[in-house]
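curious how this folds, go ahead:
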Amino acid sequence: MSALKVLLVDDHEVVRTGLRALIDSQEDMQVVGEAGTAEEAVRRVGYDSPDVVVLDVRLPDGSGVEACREIRQRFPEVKVLMLTSFADEEALMAAILAGASGYVLKRVKSDDLLGDIRRVGAGESLLDPEMVDRLFHRLRSGSEDDELLSRLTKQERRIVEYIADGLTNRQIAEEMFLAEKTVKNYVSTLLAKLGMSRRSEAAAYVARIEASKQEKTVAESWDELK
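So this is what the prediction gives:
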């Protein structure tokens, strides 16, 4: 039986070196390549033909999640295991939507990581079914309280809410694991859908809607007390 071929993607060489030593010590798997950026990761998949890509969520030239999405679109037979330093529900959601087979913290034990790579390579998913169902339910059941905002996609709704919170495109990109250029394009699109020309207009609009919601909640609570 041929060894499981693994591509390592992390911008820290010391991390890649440690993972390579760990994986290459196993008889049933081998590292066939390494990459330190999202762009290089996609290119190396085409060159090295791995079975599994162990992919860091944060990369210097963009999001590992976006790299995962492109890899899965171009090479659907390749499995992706996301590796991250912190637990984050939004990152998990992004990984699921990008087609990742698993989401593992870097503090995972060596034996557990090796087992996870084997499972992903065998076509298994490491994502908890209940959590996946819960996250997709949240996506499907988002309320559409305003006619204008209902024109936006879920992704655009999240971005306009970040705009209302005062975040810059770069900060939004970091929060959503997207490239800054991608966020800029989203902002231009959502402003056009809202019929607005400036971010400040969108921020003020969302603030007014939130204020109206709060006023409605207070009024309903008051009616119940009467």
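
which residue sits closest to the residue positioned nearest the centre of the chain, ignoring its sequence neighbours?
Centroid-nearest residue in the chain: residue 94, 2.7 Å away (criterion: Cα atoms, centre = their mean). Distances taken as Cβ to Cβ, 6 or more residues apart in numbering place residue 65 nearest to residue 94, at 4.5 Å, with adjacent residues excluded. (C-beta placed from N, C-alpha, C; glycine too.)

burial count for the one you found?
For residue 65, the count of nearby residues is 28 (other Cβ atoms under 10 Å).

what's the answer for residue 37, then?
Every residue meeting other Cβ under 10 Å relative to residue 37 is counted, giving 17.

assign the residue nearest to residue 94 to helix, strand or coil.
What DSSP: H, G, I helix; E, B strand; the rest coil gives for residue 65 is helix.

for it, what are its contacts?
By Cβ atoms under 8 Å, 6 or more residues apart in numbering, the contact set of residue 65 is 57, 82, 91, 94, 95, 98, 100, 177, 178.

over to residue 197?
residue 191 are the contacts of residue 197 under Cβ under 8 Å, 6+ apart.

where does it sit: helix, strand or coil?
coil.

strands of this structure, start to end?
With DSSP state E applied, the chain shows strands at 4-9, 29-35, 52-56, 58-59, 62-63, 79-84, 102-105, listed in chain order.

figure out which of the ones you listed is closest to residue 201.
strand 62-63 (27.8 Å; Cβ to Cβ).

circling back: and residue 157, which of the strands of the chain is closest to it?
strand 62-63 (19.1 Å).

who does the closest one pair up with?
strand 58-59 (antiparallel) (DSSP bridges).

other residues contacting the partner strand?
9, 11, 36, 37, 38, 41, 64, 67, 84, 85, 177.
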